[in-house]
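*Asks:* Have a look at this prediction, sequence included:
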Amino acid sequence: MLTKNVVIAHRGASGYAPEHTFSSFDMSHFDMRADYIELDVQMTLDGEIIIMHDETVERTAGLPGVIKEMTLAEIKKIDVGSWYNKKFPELQREFYTGQTIPTLDEIIGRYGAVNYYIETKAPEVYPGMEGRLVDILDTHGLLTPERLHNKQTVIQSFSMESLIKVHNLVPLMPLLLLAKKEVLRHMTDEDLKQINDFVYAVGPSIKDLDQPLIERLHRLGFLVFPYTLNKPEDMKRLIDAGIDGAFTNYADRLRTAFNAENSEIFDEQDSM
Ligand code: G3P
Ligand code: CA
């Protein structure tokens, strides 16, 4: 079970490749060997779970289109790679053009029973999404007692309601509560203790995360995996402050930062 120095590849290697595409996930998983593949899920008109951050295809396809009003067949015609080459010419690669939106089923088919951090995006927009998601995980054999215990697949959400739905469907499912800036500071210890029975980790925004908040969350029994940790100076600051891992667009940088921190600790021990 991964509980220390955990590198969670946010939308794959999205600092280098178009987010949420096979090119991005291949890079973070096969090349960078990130500990977890992070992905967001939305649901199509015909009930397919697809991998996408936004509720529309506008930003990554340059076209109008609301996912809940589109079928999977319509979604599959869309190119979500070309925008990246235009926006980041210095990182562009020819094969990014024509990348399509994967389904969750295709993702697990390609990478197998590896480690996934799956976020239910806009769950209020998609009634039944949690049930469909759990069915897919079950079909792929990801919900065995051993895999649940090892936290191979974690469900994350900003929506406590969505996490509770997942918990009711799969009581042993590992869950992470995402929290925007200020949210955790407004929750009392009692509030947090109540959810600690079924939420094992929290994902605070890096914007207001500091050592006292990390220590408080640890004291209450949570692991702490902030989002989205991309800049080396933020990595150093929050690793020093005691995070257990993080979501990052740059899995390679975060691994280097954790390794550097470990060697500093070894150096200090050697000189004692
Ligand atoms: O899931 C962690 C982080 O991805 C949450 O923010 O908007 O990038 O999905 P977002
Ligand atoms: Ca996410």
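*Replies:* Received, thanks. Ligands and ions are numbered 1, 2, ... in the order given.
*Asks:* Quick one: name the residues of the stretch 101-250 of the chain near ligand 2.
*Replies:* Proximity of the stretch 101-250 of the chain to ligand 2 is confined to residue 119 under the rule CB under 5 Å from the ion. Yep, even glycine has a C-beta here, placed from its N, CA and C like the rest.
*Asks:* Mind telling me which residue of the stretch 101-250 of the chain is nearest ligand 2?
*Replies:* Nearest residue of the stretch 101-250 of the chain to ligand 2 (CB to the ion) works out as residue 119 at 3.9 Å.
*Asks:* quick one, phi psi at that residue?
*Replies:* Backbone torsions of residue 119, given as degrees, to the nearest 10, read phi -100, psi 130.
*Asks:* Scan this protein for its longest helix.
*Replies:* Looking across the chain with DSSP state H, the single longest helix is helix 251-270.
*Asks:* Give the buried residues for that helix.
*Replies:* 251-255, 257-258 (16 or more other CB atoms under 10 Å).
*Asks:* what sits against residue 97?
*Replies:* 79, 81-82, 85 (CB atoms under 8 Å, 6 or more residues apart in numbering).
*Asks:* Most neighbours of all the residues you listed, which one?
*Replies:* residue 81 (25 neighbours; other CB atoms under 10 Å).
*Asks:* who's in contact with that residue?
*Replies:* With contact set as CB under 8 Å, 6+ apart, residue 81 has these partners: 18, 21, 23, 95-99.
*Asks:* number of nearby residues for the residue of the stretch 51-200 of the chain found nearest ligand 1?
*Replies:* In the stretch 51-200 of the chain, no residue comes nearer to ligand 1 than residue 119, which is 4.5 Å away by CB to the nearest ligand atom. Look at residue 119: counted by other CB under 10 Å, it has 24 neighbours.
*Asks:* Likewise for the one 5 residues further on?
*Replies:* Using other CB under 10 Å, residue 124 is surrounded by 10 other residues.
*Asks:* What of residue 146?
*Replies:* Neighbours of residue 146 using other CB under 10 Å come to 7.
*Asks:* What of residue 227?
*Replies:* For residue 227, using other CB under 10 Å, the count is 22.
*Asks:* quick one: the residue nearest to it when sequence neighbours are not counted from ligand 1, how far?
*Replies:* Of all residues not flanking residue 227 in the chain, residue 247 sits nearest, at 4.0 Å (CB to CB, 6 or more residues apart in numbering). Going from residue 247 to ligand 1 by CB to the nearest ligand atom, to the nearest Å gives 5 Å.
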